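**Student:** When you get a sec, could you give me coordinates for this:
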Amino acid sequence: MKVTLLSIIRLIVYVFVNFVNGIPTKERNIIQNTLLDLFGKHNRPRPDVFSHLGRNETSAKKYMLDLYEYSVNTERQGMNNFTTNSQNISNIVDDADTVVSFLNNAYVPRPNTTDESGEMFFDVSSNYVVEKVLATALQVYLDITYKTVIAEKLIISVYKIVVPKKKYVLLASKLINASVSQWHEFNVLEASLSWIEFSETNNGILLVCQNLQKVNIPIESCGIVDFKGREEFRPFLVSFYQSGKEEEFPAKQIRNTESTLKLQERLRRSMQDSIFIEAAEQLSFVRNKTRSNGSENNLGSRCDKHPLYIGFKDLGWSDWIIAPDGYRANYCGGDCSFPLDNNANATNHAIIQTLVHMMYPEIIPKPCCAPNKLNTLQVLFLDERNNVVMKRYSNMIVQHCGCQ
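**Tutor:** Purely as a prediction, here's the structure:
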């Protein structure tokens, strides 16, 4: 028996919205675990696990919200609050299927720490499958209300700490306008790549501020906000990853596939009960009552796309899924009988099968109404480490249906 991604989503949402309070704990856990598998998570993130950083409007969260709005906006007018190269960010967003932000973990105990002014530490380890790191940027904010040095131009340099207080490698340096409060972006891809491959080499990075005469100035005097500043202006890293393959339903990760199939069969039989039929009709899953002999449903129309909205709030997941609130998954339903017109989007095989079905209806079934084009879904969420993550999931939204 072949289980498709869309059929499992339909089943899960149907049950969860209507019967979650009435089904046994075992079946409920199967449903929740299957949904978590779709999102590549082993456990459901719990609100009480998160620190206040996960709930507050941190700098990283604001950036990721901006990036999310930018990525789903077809016009792409640019990000509102952050300094980026619009063309470059557009290309990276299109190529990356996972974007992870990392807050400065300056308070986290770590070896070789020196707590020198300008030092920052980011734990870039993650549970995400990464084939290629496309870009990693450091975002720092200069607040002129904090600045005490009199200078309109400053030089900000970023170094990778190889050996604390002994050896540093220059990653990026730029001349900035110090008379305006704004975000500044630095390319730190080289450091990110080495930290991911050899995590023990991650001693952090060092920010150095200088005037035009190359005299070092404490970053606080330059107006650079560090980890002690306001949360919405604290420095953070953002990495753009590429998994290198389209995400498919990870069936091998499902905790109990056999139980999932048994649940589907149990629910199919339960669909014959009037209370289930009434609930299903409200969700547009079933247009007419299931026949008592268990034969196929009569949707009363030709094969077409039908609306199906999945709300994350209804699933109780609005505490860790930031955006969207839900999405229109849609589903395919309807009849694939002869003659199949152009609107049926039928495959050549479906056309032949329809003709053979007319001759041998008891042996050969009619073609099925199924998706022939699926779109991706961008989801912004909090992971177990309070990192804000944007991930693109393939084959989540039905765009077109056809007889197959």
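
**Student:** So what sits opposite the nearest residue in space to residue 134 that is not next to it in sequence in the bridge?
**Tutor:** Leaving aside its chain neighbours, residue 134 sits nearest to residue 240 (4.3 Å; criterion: C-beta to C-beta, 6 or more residues apart in numbering). No exception for glycine: its C-beta is placed from N, CA and C like everyone else's. With DSSP bridges as the criterion, residue 240 is bridged to residue 99, residue 135.

**Student:** Distance-wise, check residue 240 relative to residue 118.
**Tutor:** Residue 240 sits 25 Å away from residue 118, going by C-beta to C-beta, to the nearest Å.

**Student:** Tell me who's in contact with the residue nearest to residue 134.
**Tutor:** 92, 93, 95, 96, 98, 99, 133, 134, 135, 136 (C-beta atoms under 8 Å, 6 or more residues apart in numbering).

**Student:** Pull out the buried members of the residues you listed.
**Tutor:** Buried by 16 or more other C-beta atoms under 10 Å: 92, 93, 96, 98, 99, 133, 134, 135, 136, out of these.

**Student:** Would you format those as JSON lines with pLDDT included?
**Tutor:** Output for these, formatted as JSON lines (pLDDT from 0 to 100):
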{"residue": "92", "pLDDT": "85"}
{"residue": "93", "pLDDT": "85"}
{"residue": "96", "pLDDT": "90"}
{"residue": "98", "pLDDT": "91"}
{"residue": "99", "pLDDT": "93"}
{"residue": "133", "pLDDT": "91"}
{"residue": "134", "pLDDT": "92"}
{"residue": "135", "pLDDT": "93"}
{"residue": "136", "pLDDT": "93"}
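
**Student:** can you redo those residues as CSV with distance to residue 169?
**Tutor:** Converted to CSV, these look like this (distance: C-beta to C-beta, whole Å):
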residue, distance to residue 169
92, 24
93, 28
96, 25
98, 27
99, 25
133, 17
134, 21
135, 18
136, 15
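
**Student:** Can you get me a residue count around residue 341?
**Tutor:** Residue 341 has 8 neighbours, counted by other C-beta atoms under 10 Å.

**Student:** From residue 376, how far off is it?
**Tutor:** 29 Å.

**Student:** Residue 150 now?
**Tutor:** Taken as C-beta to C-beta, the span from residue 150 to residue 376 is 51 Å.

**Student:** the more surrounded of the two?
**Tutor:** Higher neighbour count among residue 150 and residue 376: residue 376, with 14 against 7, using other C-beta under 10 Å.

**Student:** doesn't the more buried one fall inside a strand?
**Tutor:** Yes: under DSSP: H, G, I helix; E, B strand; the rest coil, residue 376 falls within a strand.

**Student:** Now do the same contact list for it.
**Tutor:** 392, 393, 394, 395, 396, 397.

**Student:** now these: which count as buried?
**Tutor:** 392, 393, 394, 395, 396, 397.

**Student:** Whichever strand or helix holds the second one pairs with which strands, parallel or anti?
**Tutor:** Spelled out, that is residue 393. If you go by DSSP states H and E, residue 393 is part of strand 388-403. When pairing is defined by DSSP bridges, strand 388-403 lines up against strand 98-103 (antiparallel), strand 369-382 (antiparallel).

**Student:** Pretty sure residue 222 sits against residue 147.
**Tutor:** Yes: counting by C-beta atoms under 8 Å, residue 222 touches residue 147, with 6.2 Å between them.

**Student:** of those two, who's got more company?
**Tutor:** residue 222 (26 against 20).

**Student:** tell me the contacts of the more buried one?
**Tutor:** 142, 147, 149, 154, 156, 178, 209.

**Student:** For residue 171, state which of these is nearest.
**Tutor:** Minimum distance to residue 171 across the contacts of residue 222 is 11.4 Å, recorded for residue 156 (C-beta to C-beta).

**Student:** Within the helices and strands, which one has that closest one?
**Tutor:** Short version: residue 156 belongs to strand 153-163, going by DSSP H and E.

**Student:** returning to what we had before: list the residues that are in contact with both of residue 222 and residue 147.
**Tutor:** residue 178.

**Student:** Could I get the full set of helices for the stretch 51-200 of the chain?
**Tutor:** 52-55, 59-72, 86-95, 189-197 (DSSP state H, counting those that start in this stretch).

**Student:** and residue 229, how many neighbours?
**Tutor:** By other C-beta under 10 Å, neighbour count at residue 229 equals 16.

**Student:** hang on, it in a helix?
**Tutor:** No: using three-state DSSP, the assignment for residue 229 is coil, not a helix.

**Student:** who touches residue 390 in this structure?
**Tutor:** Neighbours of residue 390 in contact, by C-beta under 8 Å, 6+ apart: 64, 67, 68, 71, 98, 99, 378, 379, 380.

**Student:** Many thanks, we can stop here.
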